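need coordinates for the below:
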Amino acid sequence: MDKIVGLDIGTTKIACFIGERAENGNVRIIGFGRTDSVGVERGVVRNIRSTADSIRRAVAEASEMAKYDVTEVYVGIAGQHIKSLSNKGSVMIPSNHRMIEEEDVNRLIDDQYHINLDPGEEIIHVFPQSYIVDNDELDISINPVGVAGKCLMANFHIVTGNTVNLHNIRDAVEEAGLRIKDVVLEPVASAYAVLDDRDKGAGVALVDIGGGTTDIAIFQEGIIRHTSVIALAGNVITNDIRESCHILKHQAESLKIKFGSCLPTSVNQDDIISIPGIRNQEPREISVRTLAGIIKSRMQLLLEQVGYEIELSGFDRQLLAGVVLTGGGASMKNIKEFAELVIGIDTRIGTPDDHLDKQGSISFENLAHPMYATGIGLVIYGLEAEEQKARKATANHEEQPPTPVDPTPDNDDEAEQPAPAKKKEKKRERTKKIREDNNFRDTVTSFLTKIFTEEDLGE
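Model prediction:
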């Protein structure tokens with residue numbers, strides 16, 4: 001299988017990952033590139049040209065490392081414009097189908113991409129929730145393909161995005177000289193990197209805290225049940241620190257990463273951080289406990305909204321695998337403990353190391369970080385999508401009827417000869433016939449000429 005490229009276009013960074021399937025079944029990352037994100041605001045591409053330049057730099061770095069020419073990518077999408085809705089669809093089963101076929105299920109799913117939406121919206125994903133055959137709802141474990149029935153219905157969870165924002169992402173990628181294989185909702189991609197089938201089956205809420213937005217995806221019985229986006233994330237916390245401490249943005253970001261904590265009681269109140277002043281100004285001193293208090297205030301608001309979204313989904317009591325925090329914001333000190341206090345559900349930090357080939361992947365220790373969950377998840381998503389296409393192509397090829405054999409010619413000797421031998425034999429016969437015709441014509445001409453000469457002489 002060829003290599004897969006995942007492109008994470010985030011608010012603070014653009015990261016490119018090149019991966020392939022390792023012998024042990026995990027993913028081997030052979031190329032990685034990262035650059036600051038320019039032209040992106042809260043997950044939305046605002047300046048196409050600036051974003052394209054950032055994409056080129058990240059892709060060039062990954063391409064050089066992997067010694068692989070990148071032409072097409074799987075792209076993650078997020079932002080406040082992402083919405084979701086529920087819909088119910090149905091199709092009638094053709095009379096010549098004794099039972100429901102895969103093409104009937106595909107037809108039902110494809111119909112969902114043509115439902116009426118608000119102006120300026122476009123469908124990104126369609127997730128079937130349950131199937132109903134002749135008004136009888138199937139158990140989640142039963143595949144509708146192979147069930148006898150006349151009417152197939154299904155409930156769907158549909159994810160939509162703003163058409164302009166989707167076009168901006170496509171235009172930025174194309175401006176960078178690349179082609180998009182697929183656009184994937186970022187929490188869906190992250191789930192491929194930090195969750196397994198047991199998590200999704202037991203029930204889990206994936207919370208991806210990025211730079212511009214916090215994205216939520218809830219799984220139960222192996223199916224994605226709910227998605228939502230919260231307009232609070234890492235950048236808001238950075239801005240709070242910058243404004244409260246009167247420092248520069250990059251200084252605030254550095255403070256958050258190096259010294260930040262969600263629990264003021266967990267840090268030493270006597271610890272002081274000295275921030276260099278601008279030009280000739282005196283250094284500014286900031287208490288670590290004060291810093292933690294600023295972070296706690298904003299993080300509590302964010303996690304309360306996460307808890308509200310989980311409760312709104314109706315699956316809050318069915319999350320046996322709890323809450324999984326990932327994304328750059330999940331690396332905040334004490335965030336696991338603080339999330340459990342605020343949301344009231346068991347929480348863990350999700351990293352992509354379980355799905356990575358530890359020996360084959362470059363800089364494994366650096367890649368096994370929550371901030372890279374989306375990019376690595378895009379590679380895993382792409383690998384599984386390509387493998388599924390290959391399996392379907394193989395199955396379709398095996399189902400094709402054998403090529404009919406031509407009737408046996410009357411001449412058994414000729415039939416036994418291979419095709420190239422037959423052609424050579426026919427060519428030799430044509431050449432021989434032409435030569436015989438030429439010899440006969442030359443003989444007749446010579447004879448007539450001789451008679452004519454002798455008669456002429458006799459006169």
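
which residues sit against stretch 290-303?
Stretch 290-303 is contacted by residues 209, 214, 230, 232-233, 236-237, 240-241, 244-245, 255-256, 259-264, 266-267, 273, 332, 335, 338-339, 342-343 when judged by C-beta atoms under 8 Å, 6 or more residues apart in numbering. Where C-beta positions appear, they are placed from N, C-alpha and C, glycine not excepted.

and the buried ones among those, selectable in ChimeraX?
The ChimeraX command for the buried members of those (criterion: 16 or more other C-beta atoms under 10 Å) is given here:
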select :209,214,230,232,233,236,237,240,241,245,255,256,259,260,261,262,263,264,267,273,332,335,338,339,342,343
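
which ones among the contacts of stretch 290-303 map onto helices?
Under the assignment DSSP state H, those contribute 236-237, 240-241, 244-245, 255-256, 259, 335, 338-339, 342-343 to helices.

now do stretch 65-81, average pLDDT.
Here stretch 65-81 scores 94 as its mean pLDDT.

list the buried residues for it?
Under the neighbour-count criterion of 16+ other C-beta under 10 Å, stretch 65-81 has 65-66, 68, 70, 73-81 buried.

show me how far it is from its chain's centre.
For stretch 65-81, the separation from the chain centroid amounts to 9 Å (computed by C-alpha atoms, centre = their mean, to the nearest Å).

quick one: secondary structure of V145?
Of the three states, V145 takes coil according to DSSP: H, G, I helix; E, B strand; the rest coil.

same question, Q269
Q269 ends up coil, using three-state DSSP.

just give me the neighbour total for it.
12 (other C-beta atoms under 10 Å).

for M299, same thing?
Neighbour count of M299, defined by other C-beta under 10 Å: 28.

S63: how many residues sit nearby?
Around S63 there are 18 other residues, counting by other C-beta under 10 Å.

test my guess that it contacts V70.
Yes: using C-beta atoms under 8 Å, S63 makes contact with V70 at a distance of 4.9 Å.

any common contacting residues for those two?
Counting by C-beta under 8 Å, 6+ apart, the contacts common to S63 and V70 are I18.

please narrow the buried residues of stretch 65-81 to those residing in strands.
Judged by DSSP state E, those include V73, Y74, V75, G76, I77 as members of strands.

and the ones in helices among the contacts of stretch 290-303, which is the shakiest by pLDDT?
The lowest pLDDT within these belongs to C245, with 89.

let me see the contact set for it.
Taking C-beta under 8 Å, 6+ apart, we find C245 in contact with A252, L255, I275, R284, I286, T290, L291, I294.

just among those residues, which is most surrounded?
Neighbour-wise, the contacts of C245 (other C-beta under 10 Å) top out at A252, 25 neighbours.

in PDB, could you pull the C-alpha coordinates for the helix or strand containing that one?
Assigned by DSSP states H and E, A252 belongs to helix 249-259. Listed next in PDB are the C-alpha coordinates belonging to helix 249-259 (Å, rounded to 0.1, in the frame of the first residue of the first chain):
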ATOM      1  CA  LYS A 249       1.400  36.900  23.700                       C
ATOM      2  CA  HIS A 250       4.400  34.600  23.100                       C
ATOM      3  CA  GLN A 251       5.400  35.100  26.700                       C
ATOM      4  CA  ALA A 252       1.900  34.200  27.900                       C
ATOM      5  CA  GLU A 253       2.000  31.100  25.800                       C
ATOM      6  CA  SER A 254       5.400  30.100  27.200                       C
ATOM      7  CA  LEU A 255       4.200  30.600  30.700                       C
ATOM      8  CA  LYS A 256       1.100  28.500  30.100                       C
ATOM      9  CA  ILE A 257       3.100  25.600  28.700                       C
ATOM     10  CA  LYS A 258       6.000  25.600  31.100                       C
ATOM     11  CA  PHE A 259       4.500  26.600  34.400                       C
END
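
other SSEs contacting that helix?
When contacts are defined as 3 or more C-beta pairs under 8 Å, 6 or more residues apart in numbering; DSSP states H and E, helix 249-259 sits against helix 234-245, strand 272-275, helix 288-313.

for the record, mean pLDDT for the longest one?
Helix 288-313 carries an average pLDDT of 95.

and for stretch 103-113?
For stretch 103-113, the mean pLDDT works out to 96.

buried set for that stretch?
Neighbour-count burial for stretch 103-113, counted by 16+ other C-beta under 10 Å, picks out D104, V105, R107, L108, D111, Q112.

tell me the spacing between the spatially most central residue of the chain and H226.
Among the residues of the chain, the one closest to the centroid is L378, at 4.0 Å (C-alpha atoms, centre = their mean). Per C-beta to C-beta, to the nearest Å, L378 is found 21 Å from H226.

circling back to that earlier point, okay but the residue nearest to the centre of the chain is in contact with I77, surely?
No: using C-beta under 8 Å as the test, L378 is too far from I77 to be in contact (10.5 Å).

are there residues contacting both of the two? Which ones?
Taking C-beta under 8 Å, 6+ apart as the criterion, L378 and I77 both touch V184.

tell me which element I55 is part of?
Following DSSP H and E, one finds I55 within helix 48-66.

if you count contacts, what does that helix end up packed against?
strand 4-9, strand 13-21, strand 27-36, helix 163-175.

tilt between it and helix 163-175?
Relative orientation of helix 48-66 versus helix 163-175 (axes from the mean of the first three to the mean of the last three C-alpha atoms, to 10 degrees): 50 degrees.

can you pull the buried residues of helix 48-66?
48, 51-59, 61-63, 65-66.

contacting residues around it?
In contact with helix 48-66 (C-beta under 8 Å, 6+ apart) are residues 3, 5, 7, 9, 14-18, 30-40, 45, 69-70, 73, 168, 171-173, 175-178, 362.

again with stretch 306-318
With contact meaning C-beta under 8 Å, 6+ apart, stretch 306-318 is reached by 203, 205, 207, 214, 216, 218, 220, 225-226, 228, 230, 319, 323, 339, 342-345.

and for stretch 273-283?
Contacts for stretch 273-283 (C-beta under 8 Å, 6+ apart): C245, I247, L248, Q251, L255, F259, R284, E285, I286, S287, V288, L291.

how near is the fifth one to G327?
Right, the one you point to is L255. Taken as C-beta to C-beta, the span from L255 to G327 is 19 Å.

likewise the last one?
From L291 over to G327 the distance is 21 Å, taken as C-beta to C-beta.

before we move on, what about the fourth one?
Computed with C-beta to C-beta, the distance linking Q251 and G327 is 22 Å.

neighbour count winner among these two?
G327 (29 against 19).

phi, psi for the more buried one please.
phi 90, psi 170 (degrees, to the nearest 10).

ends of stretch 20-33, what's the gap?
One end of stretch 20-33 to the other measures 16 Å (C-alpha to C-alpha, to the nearest Å).

so where do the strands sit in the stretch 301-450 of the chain?
Taking DSSP state E, counting those that start in this stretch as the criterion, the stretch 301-450 of the chain carries its strands at 323-326, 347-349.

mind listing what's buried in the shortest one?
In this case it means strand 347-349. Neighbour-count burial for strand 347-349, counted by 16+ other C-beta under 10 Å, picks out T347, R348.
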